[in-house]
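Chemist: let's see this in three dimensions:
(chains A and B)
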Number of protein chains: 2
Amino acid sequence: MVKSPLQIARESYFPKLPASLKGAVKIVEGNKTESVADQADIKKMFPNTYGMPVITFESGSESKEYPAVKVGVILSGGQAPGGHNVISGLFDGLLNCNKENKLFGFLGGPSGLTDNQFVELTAEVVDHYRNTGGFDIIGSGRTKLEEEAQFDKVIENCKALGINALVVIGGDDSNTNACVLAEYFLQKKAGIQVIGVPKTIDGDLKNEVVETSFGFDTACKTYSELIGNIQRDANSAKKYYHFIRLMGRSASHICLECALQTQPNITIISEEVEAKGLTLDDIVDYIADIVVKRAENGDNFGTILIPEGVVEFVPAMKKLISELNDILAKHETEVNVLDSNKDRRDFVATKLTEESATVFTHLPNSFANQLMLDRDPHGNVQVSAIETEKLLIDMVKARLKKLKKSGDFSGKFGGLGHFFGYEGRCATPSNFDADYCYSLGITASLLISEGKSGYMASVKNLTAPAEEWIPGGAPITMMMNMEKRHGAMKPVIQKALVVLDGAPFKKLDENREDWAMGTKYVYPGPIQYFGPKEVCDTTTHTLRLEQAK
Amino acid sequence: MVKSPLQIARESYFPKLPASLKGAVKIVEGNKTESVADQADIKKMFPNTYGMPVITFESGSESKEYPAVKVGVILSGGQAPGGHNVISGLFDGLLNCNKENKLFGFLGGPSGLTDNQFVELTAEVVDHYRNTGGFDIIGSGRTKLEEEAQFDKVIENCKALGINALVVIGGDDSNTNACVLAEYFLQKKAGIQVIGVPKTIDGDLKNEVVETSFGFDTACKTYSELIGNIQRDANSAKKYYHFIRLMGRSASHICLECALQTQPNITIISEEVEAKGLTLDDIVDYIADIVVKRAENGDNFGTILIPEGVVEFVPAMKKLISELNDILAKHETEVNVLDSNKDRRDFVATKLTEESATVFTHLPNSFANQLMLDRDPHGNVQVSAIETEKLLIDMVKARLKKLKKSGDFSGKFGGLGHFFGYEGRCATPSNFDADYCYSLGITASLLISEGKSGYMASVKNLTAPAEEWIPGGAPITMMMNMEKRHGAMKPVIQKALVVLDGAPFKKLDENREDWAMGTKYVYPGPIQYFGPKEVCDTTTHTLRLEQAK
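Modeler: Numbering: from 1, shown residues only, chains lettered A, B, ... in the order given. This is a model prediction of the structure:
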């Protein structure tokens, strides 16, 4: 491995720790818990892991002897900055608990557990990955552990290795599965504990016990660096509107946080689009209206943030996509023999409901083609592949052309599209994420050593200095409710969407008009590790606003 | 202006200076110079600015009294990190030379000079922009000053303001124009000096007296941060090939430098494509071949760097584009009435030469459509808008499909495209660019105070510590040769393309096979300003390799 100078310098960074994790630690158990909703159903499905108390680790007076354990760890789903620090914290924490402890990494995500692909994680391995981004230490994957046959395979492989506990580093779905696994192992008396760690750059895994998922801080700062750079370019050249789509399919936390960091002219929030029942045309009108007003001030440039998933939050588009999925599955051969995209569009339009046909024929051709042609292996429209930024550029351009004809727009409009996602998922973790993740790892090691299962590691009070952070654990069942998945009701961790009366969205909403018409851009610049505290050690606006009470 | 914490912290950074600029300065003149080629022609066209000596500023023994001057400055062309520091260096330098000196900024690029749009740049203005990215202090623009009527307008506006000298911060074309302006002003005895400053992220303005253009360092480091992050993602998820197109239409310095910083699997260099007379199919075969070999090792992921302008360096594509421009101009109405893209493609194909028709019909439809439809205001194909990364993904995919059928490929291939350009042009300048630009600005103020015109500010010995840098100036005419532009021979600054037997390309070439088959990614991380010297204060691999003799 050729290490960059920054990587070498960061290897010697020792993450800041909560005071309570620095010496002897004692465990403090709170009251019994309930799930956020559907208590009776969840309780019934999780007889062994329901109702457990929230746990806090406090400074203790004497150091404890913990039994030796062998622990397995997996990284599940999309990458998030800080995963390597969860593992290094877990590794150091386990050795602190008992010098005999061992850590194994299962390779390529959950499938490593069923396929029995693993490496032992020794100091020699772990030390190369401290304070680095990426999940490359053991790789990640998206295989779901949902079936009993898989669970039994996991038990078999863990038994063979002598593993007593698993740590699942993942998002809401992976943590739901971790809890199902924990419950199953308890029912089967398999003697394998399961602990989850809250990961996702999307920021939608949070609740009263988990203040934020790791990676959100670094990813948003990386995107905001880029947005700031583009805004400075827009304000220098003064000739383009930059339409910037940001990752985050289910929730718009990334878009909202980046907007608070950079103050762009326009920010679309999916949850607001849905709440207000907006159509694509409404969004286009909203953007075009601001373009027109800025042009009246002589400003023919700007920046617009768009959440990746917004198309699915537009009710009419959601309906159209669902109908298209059915039609294309049913009439696949008929569509495929047609000669041109125009013929295909015309054919499909005849099969849609009147409402959806109107939406469909109204779309720019290239986008309608994309909806027909870009389909996933199950034949469904690939919503995440839709270049919404280009769709909006085309539609805004068409709208402005009409306004120009009617004499209502006399400016210029040039649109440029960007999409940021992969650029931030494996960024070198910020000091915040490096510290937070390392503490989460140590906390996970303590939950294991204390014999807990079905818990998620949690570290709270995160806007205070790390010294004052509060480590602990929360039963995963308390975050669950029942939701429909593939036609059946399932227990799942409730996703945290952007709350429209929450402080972060309100801050955006209050400033919207000012940021739209003025040029109030903020340029955050690249993440810094070695400079002044106010540059290197503050976390997201979202968390600070949420906790400013 | 809401300033980010980093911006506030950077305001108090004082750029590192060459020792010779710290106290009294003396001017040392070298030998007379000649242009790099076409000496007789250039000499004839630049009777007043040809043959002047190279200048060096050295530490002097007594401080000099310079006459008071009023200076105008413009930013010309695409943004590059450090422009604000050229201006702050110029501002501070001018005040050092004479407390009565004044600096005016002409707005929106060269058109500010002809339209007489300006602001006075006082400490109150300049101080807000120290060590920041962007050109927003006075804006930039691409208007060309080429006609005598424009020159006379500039003289008129400068006279009205009492301006004695202009500083043109720009790329090769803008500096050529600066020299034409200098020559014209001398011929007309207008009493206005002109000094150029070498700007461009593309890195193609360099020669024996200008070691690098400013902005190249920061832009490449910003792109390399992103490439590194994407590579870490590729190596974690292990399921995608990322095709990353990078700005740089005429030269591939950015691609080469980013490759040296990040060690991707594949790097395309336009100059090599042209030298070897490669076709698009050759490039596709080269990529597909590596994909196949990596798959044999179980690696179905990778990263590929593509220079923005590569399509224009493929001889057959260059020919096709030129034919398309003619055909579409001649047959515009006939093409426009056709109903579908297929019909348009078929029509156009009949008008092409046989060779170009073969290339055209062989292209993926979406790309052929783009070539027909995306045209600039002059009706020409917009080469810079071509999404070459997507074209190559489509073509590699098609190639691999065939290889799969014939049993020669058994891996998986998923391609994702990225384009980085605007993300780096206005990044916060690295310490190197902040220091270099500030020194360039001071040097420009000295050239003015010494009464020079037709010079480009230069700072040399750039891989040594800033203390040892050598400031001076070089006559712009010495960088010129004659080239065909719009059908006529014109004197222009010779563009520096990637030299295939130069040290930077050789370094890539030597490691190519190793980087292709292995996974030797380097992750540079974000630019740092406050940390250890080796992290914060080294410049590009390109410059270090070029100077390591």
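Chemist: contacts only, for A:G77.
Modeler: Contact analysis of A:G77 by Cβ atoms under 8 Å, 6 or more residues apart in numbering or on different chains lists A:G109, A:S140, A:R142, A:G170, A:G171, A:D173, A:S174, A:K199, A:T200. Backbone N, C-alpha and C define where each C-beta goes, glycine included.
Chemist: any residue of stretch A:158-174 touching chain B?
Modeler: No: using Cβ under 8 Å from any Cβ of the partner chain, no contact is recorded between stretch A:158-174 and chain B, whose separation bottoms out at 12.2 Å.
Chemist: just the CA atoms of that stretch, as CSV, please.
Modeler: Provided in CSV are the C-alpha atoms of stretch A:158-174 (Å, rounded to 0.1, in the frame of the first residue of the first chain):
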residue,chain,number,x,y,z
CYS,A,158,-19.5,-19.0,14.2
LYS,A,159,-19.4,-22.3,16.2
ALA,A,160,-16.6,-23.6,14.1
LEU,A,161,-14.6,-20.5,14.8
GLY,A,162,-15.6,-20.3,18.4
ILE,A,163,-17.3,-16.9,17.9
ASN,A,164,-19.3,-15.5,20.8
ALA,A,165,-20.6,-12.3,19.4
LEU,A,166,-21.2,-10.5,16.1
VAL,A,167,-21.0,-6.8,15.4
VAL,A,168,-23.1,-5.6,12.5
ILE,A,169,-22.1,-2.1,11.2
GLY,A,170,-24.9,-1.0,9.0
GLY,A,171,-28.0,1.1,8.3
ASP,A,172,-31.6,0.8,9.4
ASP,A,173,-32.3,-2.4,7.5
SER,A,174,-29.0,-4.1,8.5
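Chemist: A:C536 touches A:P526, doesn't it?
Modeler: No: counting by Cβ atoms under 8 Å, A:C536 stays clear of A:P526, with 11.4 Å between them.
Chemist: who's more crowded, these two?
Modeler: Neighbour count, other Cβ atoms under 10 Å in any protein chain shown: between A:C536 and A:P526, A:P526 has more, with 25 against 18.
Chemist: that one and B:T428 touch, don't they?
Modeler: Yes: with contact defined as Cβ under 8 Å, A:P526 counts as touching B:T428 (6.9 Å).
Chemist: who touches both of the two?
Modeler: By Cβ under 8 Å, 6+ apart, the residues touching both A:P526 and B:T428 are B:L6, B:I527.
Chemist: ok, back up a step: so which of the contacts of A:G77 is the most crowded?
Modeler: Among the contacts of A:G77, A:K199 has the most neighbours (other Cβ under 10 Å), with 32 neighbours.
Chemist: nearest residue to that residue in space, please, no chain neighbours.
Modeler: Ranked by Cβ to Cβ, 6 or more residues apart in numbering or on different chains and with sequence neighbours excluded, the top spatial neighbour of A:K199 is A:A80, at 4.8 Å.
Chemist: which element is A:Y521 on?
Modeler: If you go by DSSP states H and E, A:Y521 is not part of any helix or strand.
Chemist: what about it, neighbour count?
Modeler: Using other Cβ under 10 Å, A:Y521 is surrounded by 24 other residues.
Chemist: what of the one 10 residues further on?
Modeler: By the measure other Cβ under 10 Å, the count of residues near A:G531 is 17.
Chemist: just A:L500 next, same as before
Modeler: As a burial measure, A:L500 scores 14 neighbours (other Cβ under 10 Å).
Chemist: ditto for A:A464
Modeler: Using other Cβ under 10 Å, the number of residues around A:A464 comes to 12.
Chemist: the residue nearest to A:K199 reaches A:G215, doesn't it?
Modeler: Yes: between A:A80 and A:G215 a contact is recorded at 2.7 Å, counting by Cβ under 8 Å.
Chemist: which neighbours do those two have in common?
Modeler: Shared contacts of A:A80 and A:G215, counting by Cβ under 8 Å, 6+ apart, come down to A:K199, A:T200, A:I201, A:R425.
Chemist: looking at chain A, which helix or strand is least sure?
Modeler: helix A:365-373 (a mean of 83; mean pLDDT, DSSP states H and E).
Chemist: so how far is the helix or strand just after that one from its chain's centroid?
Modeler: For helix A:365-373, the following helix or strand on the C-terminal side (DSSP H and E) is helix A:388-405. Distance, stretch centre to chain centre, for helix A:388-405: 31 Å (Cα atoms, centre = their mean, to the nearest Å).
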